[in-house]
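Trainee: Curious how this folds, go ahead:
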Amino acid sequence: MARKPADKAPTPRTPAPAAVKVAPGVAVDATAPTPPKKTPIWTHLYVQVLVAIGLGALIGHFWPTFGESLKPLGDAFIRLVKMIIAPVIFLTVATGIAHLRDLGRLGKVVGKAFAYFLTFSTLALIIGLVVANVVRPGAGMNVDPATLDPAAVAQYATKAHETSIVGFLMNIIPETVVGAFAGGEILQVLFFAILFGISLAVIGDRAQPVMAVLESVSEAFFKLVAILMKAAPIGAFGAFAFTIGKYGIESVINLAALVGTFYLTSALFVVVVLGAVAAFNGFSIFKLIRYLKEELLLVLGTSSSEAALPSLIEKMGRAGCDKSVVGLVVPTGYSFNLDGTNIYMTLAALFIAQACGVDLSLGDQLLLLAVAMLSSKGAAGVTGAGFITLAATLAVVPSVPVAGMALILGVDRFMSECRALTNFIGNAVATIVVAKWEKGLDREALDLALSGAPGPVVAGAVQADED
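Mentor: Down below sits the predicted model:
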C-alpha cells in the first residue's frame with residue numbers, strides 16, 4: 001500500500017516591494033527589499049574639501065613657510081582641470097548645437113544670454129558704486145599717493161594698456177584649430193565648437209556617425225571629470241595653505257572694512273538680486289547653492305571658478321537644462337557674466353579714491369562706470385582679470401592714482417575667492433533662466449536635482465516648461 005506523502009509546510013508570502021519614486025529615465029531594481037544605506041558623511045566630496053580648506057588654513061597660519069611650499073598641490077589640480085576644459089566645452093557645444101534642427105534657435109539662445117549678461121553685469125557695477133558711496137570704506141585713511149609704490153602694480157597696468165576691445169575680439173578667432181585646444185583658450189574653442197556644431201546640424205542625417213563618436217567621447221570625458229574631482233581636496237588644501245601662508249590673516253584685518261564690505265555686498269547680490277531672479281523663474285537660490293555646494297567649496301579653496309567649470313556643465317545638464325543651452329551659456333558666461341568681478345571693480349575704485357582723499361564728481365563716477373562696462377569685457381579670460389580691468393578703469397580717471405592699487409594688492413587674493421564664488425553662482429542662475437526662456441528646461445528634472453535626486457542629462461531640447 002502506497003504511503004501518503006507528508007503535507008508540505010506553507011511557504012511564507014514575501015510582501016511586494018513598495019513603489020519608489022525616481023527621476024525619469026533612471027533604472028531601478030524593483031526587487032530590492034531595502035533601500036541602499038546612506039553613505040558616511042566623510043565620503044562626500046564637499047565634506048572632504050571643507051576639511052582640506054580648514055587644515056590648509058591652520059598650516060598656512062602656524063607654519064607659513066611650509067604652507068607656501070604647498071602651492072604646487074593647488075597649481076597641479078587646477079592644471080588637471082584646465083587640461084580637460086577645452087574638450088569638454090567642444091564636445092558639449094558641438095553635440096548640443098548639432099541636435100538643433102532649427103538653427104534660428106541658436107541665434108535666439110545667444111541673443112537672450114547676452115541680454116541677460118549685459119543687464120546683470122551692469123546692475124552689479126551700479127550696486128558696487130552705490131555701496132561704496134554709502135559705506136565709504138576708504139574714508140579717513142588719508143593716504144599720500146606719493147608714498148605708494150607704482151612698481152608693485154606695474155605689470156597689471158601694462159597688461160591693461162595692452163588689452164583692447166578690438167584685440168579681444170580678434171583673439172576669439174584661433175589661428176589654427178589645434179592652437180585653440182593647445183592654448184586652452186575658452187572663447188577660441190567655443191567659437192570653433194559653434195561653427196562645427198552648425199556644420200553637423202546642416203548636413204543632417206549624414207552626421208550621425210560623427211555624432212555617435214562625439215557623444216561616446218563626451219561620456220568618457222565626463223567620467224574623467226568625476227575621476228579628477230577625487231583630487232579636489234588635495235588641490236584645495238595646497239591652494240589655501242599657500243594663500244594663508246603667503247598673505248597671512250593680518251593683511252585681511254588691516255583692510256577689514258573693504259574686504260567685509262565686498263563680501264557683504266556680494267552676499268546680498270546673490271541672495272537678494274539673484275534670489276529674486278530665481279524665485280521669479282520658479283526655483284530657490286538656496287537650493288541651487290546646496291546643489292552646487294561641492295563645486296562652490298572647490299572654487300573657494302582654489303580661488304578659481306575654472307576649477308569647477310566641467311562639473312558645472314554636467315550638473316546643469318542633470319538639472320534639466322537643455323544641452324545646447326548649457327554648452328553656450330556656461331562658457332560664454334565665464335567671460336561675459338562676471339557679477340562678482342563687476343561689484344569688485346567699482347567698489348575697489350572708489351575705495352582707492354576715498355583712501356587717497358580724491359573726491360570724485362558724479363560725472364567722474366559715471367565715466368568710471370561706463371569704462372568698467374567695456375574694460376570688464378576686454379580683459380575677459382585674462383589671468384588676474386579683476387586687477388587688470390581695475391587698472392584699465394582707473395587709467396581713464398586721471399584724478400585717481402593707478403598706484404593706489406598697491407593698497408589692496410595684499411588682500412586681492414582673499415577678495416578673488418568671493419569674486420569667483422559670485423561669478424560661479426551667477427552663471428548657474430543664468431543657465432537655468434535662459435533655458436527656461438528657450439523652453440529648454442525640464443521642470444521635473446530641475447525640482448528633483450535641487451531636492452537632492454538629480455535625473456539624467458537632458459540631451460536635446462524639451463518642451464516641458466510652458467509657463
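Trainee: going forward, measure contacts and count neighbours with C-alpha atoms only.
Mentor: Will do.
Trainee: Can you pull out the low-pLDDT segments for this protein?
Mentor: The chain contains residues with pLDDT under 70 at 1-39, 41, 43, 100-103, 141-168, 250-254, 374-388, 410, 453-467.
Trainee: quick one: buried residues of the longest helix that it contains?
Mentor: When the chain is parsed with DSSP state H, its longest helix is helix 104-135. In terms of neighbour count (16 or more other Cα atoms under 10 Å), helix 104-135 has its buried residues at 106, 109-110, 112-114, 116-118, 120-129, 131-132.
Trainee: Doesn't residue 452 belong to a helix?
Mentor: No: counting by DSSP: H, G, I helix; E, B strand; the rest coil, residue 452 is not found in a helix; it is coil.
Trainee: Compute the number of surrounding residues for the closest residue to it other than its chain neighbours.
Mentor: Excluding its sequence neighbours, the residue lying closest to residue 452 (Cα to Cα, 6 or more residues apart in numbering) is residue 291, at 7.0 Å. By other Cα atoms under 10 Å, 19 other residues sit near residue 291.
Trainee: check contacts around residue 291.
Mentor: Going by Cα atoms under 8 Å, 6 or more residues apart in numbering, residue 291 touches 449, 450, 451, 452.
Trainee: ok, the second one - contacts?
Mentor: If you count contacts by Cα under 8 Å, 6+ apart, residue 450 has them with 287, 288, 290, 291, 319.
Trainee: Show me how far stretch 214-228 is from its chain's centre.
Mentor: Put simply, stretch 214-228 sits 19 Å off its chain's centre (Cα atoms, centre = their mean, to the nearest Å).
Trainee: For that stretch, buried residues please.
Mentor: 214, 215, 218, 221, 222, 225.
Trainee: ok, now stretch 273-281?
Mentor: Using 16+ other Cα under 10 Å as the test for burial, stretch 273-281 gives 273, 274, 275, 276, 277, 278, 281.
Trainee: Residue 421: which of those residues is nearest?
Mentor: Nearest to residue 421 among the buried residues of stretch 273-281, counting by Cα to Cα, is residue 274 at 13.0 Å.
Trainee: so how far is residue 348 from the closest one?
Mentor: Per Cα to Cα, to the nearest Å, residue 274 is found 22 Å from residue 348.
Trainee: can you check residue 107 too?
Mentor: Distance from residue 107 to residue 348, by Cα to Cα: 36 Å.
Trainee: Next: residue 83.
Mentor: Residue 83 is 33 Å from residue 348, by Cα to Cα.
Trainee: Show me which of those two is the more surrounded one.
Mentor: The residue with more neighbours, out of residue 83 and residue 348, is residue 348; 26 against 14, by other Cα under 10 Å.
Trainee: Now do the phi/psi pair for residue 321.
Mentor: phi -80, psi 140 (degrees, to the nearest 10).
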